[in-house]
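Visitor: fold the following.
(chains A, B, C, D, E and F)
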Number of protein chains: 4
Amino acid sequence: MRREQLLAIAVERFAKYGYHKTKISDIVAQAGVAQGTFYWYFKSKESIALEIIQSGKERLLQVIGKGYRTEPGTVQEMVQGSQRLLADIFRFARDNRYFMELLLTERVAMEEAFRRNIQRAIEFGMLPESMDLHVRAALLMSLIEGIVARWLFGPVPPDSDLANLTPEQLAAEAVRFEFFGLLGI
Amino acid sequence: MRREQLLAIAVERFAKYGYHKTKISDIVAQAGVAQGTFYWYFKSKESIALEIIQSGKERLLQVIGKGYRTEPGTVQEMVQGSQRLLADIFRFARDNRYFMELLLTERVAMEEAFRRNIQRAIEFGMLPESMDLHVRAALLMSLIEGIVARWLFGPVPPDSDLANLTPEQLAAEAVRFEFFGLLGI
Amino acid sequence: MRREQLLAIAVERFAKYGYHKTKISDIVAQAGVAQGTFYWYFKSKESIALEIIQSGKERLLQVIGKGYRTEPGTVQEMVQGSQRLLADIFRFARDNRYFMELLLTERVAMEEAFRRNIQRAIEFGMLPESMDLHVRAALLMSLIEGIVARWLFGPVPPDSDLANLTPEQLAAEAVRFEFFGLLGI
Amino acid sequence: MRREQLLAIAVERFAKYGYHKTKISDIVAQAGVAQGTFYWYFKSKESIALEIIQSGKERLLQVIGKGYRTEPGTVQEMVQGSQRLLADIFRFARDNRYFMELLLTERVAMEEAFRRNIQRAIEFGMLPESMDLHVRAALLMSLIEGIVARWLFGPVPPDSDLANLTPEQLAAEAVRFEFFGLLGI
DNA sequence: GATGAATGAGTCTTCATTCAT
DNA sequence: TATGAATGAAGACTCATTCAT
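Guide: From the prediction side, this is the model:
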């Protein structure tokens, strides 16, 4: 209970203000407990930050790991699969908005997951073999990461309504770009 | 001279270790001057950081602002123009590697520049009108930003050779993705 | 306890050495605690100084506020009343010797209190109406202030025994001067 | 020339802001010269402060030293003499307004001068012998000192027009108080 | 005489962490 | 479990003073 409360406050403040501007004294004040209480539950400031990142990362990787769940038969099915995946990710991001900022620094693992997805699609003959797998995965991950950060935390240009899109709408735009680029459809 | 020296050291350390882990005492020690000397040239730690970001941002925006320099006639010419632009950006990033990390937080202005580029291409009839301009610009900027961060600062998955690409190679991969997506060519 | 201890030490040192020569490190050293402990109890060096002045001022104004407590019937009674008041003030000054130096900079409020006392005496017909009230109050306050500063903190001319007078003796001399001037009695 | 200029600026700032808040860098900036220039003319910050006080003190003591210039015959003449003296002092104070704040800390010497004046008046039979000479001189000096500080530097209560009195008017009020006290005339 | 860059000791303040109760 | 007082290392910033030119 207490532990979860402190954890939640820490998550929120780390994301809102960053690691350094988040003081233990702020966290305990918001929780209404004494300074020492924090150290009954957590070893140090660093350890709570690592725990937050770790737990969030695992849950996110679970979402990504589901990948293109079914064996895609046609290009359209693959696109639909990707659309579903991205919508899942964006939904997770929205529901864990404070986790995300922290998670976005932990990219390598996520990128690996994306690379495996792409590779599987190539093996299924759905994507051309010509591409450099790692670079493509990195580009894709960049896409996700950047758009999520803008969507959730801004700032965005004044006349952009990015922030108001639903996870599904965002996924649709992202998938179009993912598969067809600027020129596509 | 002194000022430039301190500036350069600060840029390097801010990028390497971040703002908070960079101590004034480190900067002056590396420069071989006394602590007070720093304050002869700069008002405070915060002010030097702002100056670094500001100056870097301006130079980067200049690069982006050049955009698709010539009026593109064919799709191929547009792709080539984009390839040139991205190569310019990546070259700038490599030559200002320490600036970049700081600059990547100042995305809005850069995104605007990209949006203008895309809009011009649409007006020239080179790109379909169907797309949401802001979202596309955000996706594009995400791409650039993310790939630059990985290219320069890592970390990258162990078996990826992203770090060893030249600006031109990186631009080629990025442009393919930019225009044709995963499915393209 | 701790708080009072630090407060007392600060009062003493501020008065003895002045604000700027009083270092936090001295205060905590004298109290035998760590530097940080000071900041557990006080927000800053400035805030403790303000608290000292504020609290002292209030207590002193209470003393002055009592004024000529009883309705004076004769000149002699008024003089006796004033004698009592001044003796009160001088006693307070002696018992709060370190406060005084700080308080003597906060004169306006005290002067107002004196002015009200004089005005009341005029209304009772005890003092001539001819006088400029404000100037007289200022002269009176100057008298008190100056003589207290000399009495408590010196320096005084070598052959003066001002420092050895009791509050009552000092009040007697001051009252004679207050009412009759150099020529008086 | 330069020296006098720096001296004048220092006098003004010491008085306006106090010794500690007056920075050498402020003084030289206001003079439009370099930091080092200060040290061509003065040994240190402390030495310039001492020089200011010393020179002002001497000139003020000269004024006071003139005392009751002529041998007073009647009480009225003595009062007139005192009125002249105080007007002299107040005029000096006004013309050296920034010196005064500093000088007011150097009271002992001035008090001695007043004591001699009073003593002489007693020897002439103009003042009663009953009084304690030192205490009276201290009271008198307190009067002068306090009223000058209020007159020149404030703060004064809002509805007081003390600040607008001429040296002569101020001297008249002070002399009345000096000789006759609150009850007088 | 004058400059202004350079110095560095001195101070305040912060904040993660400890620990007796 | 919980408290909150106490710690002290660390770090930003100030400013009188020096000195080569």
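Visitor: switch to C-alpha atoms for all contacts and neighbour counts from now on
Guide: Fine.
Visitor: so who does A:E46 touch?
Guide: Listed by Cα atoms under 8 Å, 6 or more residues apart in numbering or on different chains, A:E46 has no contact partners.
Visitor: that one and B:E178: what is the separation?
Guide: As for A:E46, its distance to B:E178 is 39 Å (criterion: Cα to Cα, to the nearest Å).
Visitor: same thing with A:Q169?
Guide: From A:Q169 to B:E178 the distance is 20 Å (Cα to Cα).
Visitor: so those two - more neighbours on which side?
Guide: The residue with more neighbours, out of A:Q169 and B:E178, is B:E178; 29 against 14, by other Cα atoms under 10 Å in any protein chain shown.
Visitor: my guess is the more buried one meets B:S142, correct?
Guide: No. Judged on Cα atoms under 8 Å, B:E178 makes no contact with B:S142 at a distance of 11.1 Å.
Visitor: may I have the secondary structure class of the residue of chain A found nearest chain D?
Guide: Closest approach between chain A and chain D, counting by Cα to the nearest Cα: A:K21, at 31.9 Å. Using DSSP: H, G, I helix; E, B strand; the rest coil, the structure places A:K21 in coil.
Visitor: ok, now which ones touch it?
Guide: A:F14.
Visitor: A:A109 too?
Guide: Contacts of A:A109 (Cα under 8 Å, 6+ apart): A:L61.
Visitor: which helix or strand contains it?
Guide: helix A:107-123 (DSSP states H and E).
Visitor: would you mark the buried spots in that helix?
Guide: A:107-108, A:110-122 (16 or more other Cα atoms under 10 Å in any protein chain shown).
Visitor: and the two most separated of these?
Guide: Spatial extent of the buried residues of helix A:107-123 (Cα to Cα) is set by the pair A:R107 and A:I122 at 22.4 Å.
Visitor: how near is A:L183 to chain B?
Guide: As defined by Cα to the nearest Cα, to the nearest Å, A:L183 lies at a distance of 5 Å from chain B.
Visitor: ok, now A:G18?
Guide: In terms of Cα to the nearest Cα, A:G18 sits 11 Å off from chain B.
Visitor: for that residue, what are its contacts?
Guide: Contact analysis of A:G18 by Cα under 8 Å, 6+ apart lists nothing.
Visitor: quick one, helices of chain A?
Guide: Ranges of helices in chain A, per DSSP state H, are A:2-17, A:24-31, A:35-41, A:45-65, A:75-95, A:97-103, A:107-123, A:133-153, A:167-180.
Visitor: mind putting those helices in TSV, mean pLDDT included?
Guide: Below are the helices of chain A laid out as TSV (pLDDT from 0 to 100):
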stretch	mean pLDDT
helix A:2-17	90
helix A:24-31	96
helix A:35-41	96
helix A:45-65	84
helix A:75-95	83
helix A:97-103	67
helix A:107-123	78
helix A:133-153	84
helix A:167-180	86
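Visitor: okay if I get these as TSV plus distance to C:E51?
Guide: Output for the helices of chain A, formatted as TSV (distance: least, Cα to Cα, whole Å):
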stretch	distance to C:E51
helix A:2-17	33
helix A:24-31	25
helix A:35-41	26
helix A:45-65	34
helix A:75-95	48
helix A:97-103	41
helix A:107-123	52
helix A:133-153	43
helix A:167-180	56
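Visitor: and D:L152, which of the ones you listed is closest to it?
Guide: With respect to D:L152, and counting by Cα to Cα, the nearest of the helices of chain A is helix A:24-31 at 48.7 Å.
Visitor: other SSEs contacting that closest one?
Guide: Judged by 3 or more Cα pairs under 8 Å, 6 or more residues apart in numbering or on different chains; DSSP states H and E, helix A:24-31 is in contact with helix A:2-17, helix A:35-41.
Visitor: for A:E71, report the pLDDT, please.
Guide: With respect to pLDDT, A:E71 scores 67.
Visitor: could you chop chain A up by domain?
Guide: A:2-42, A:52-180 (automatic domain parsing).
Visitor: residues in contact with A:K66?
Guide: By Cα under 8 Å, 6+ apart, the neighbours of A:K66 are A:L85.
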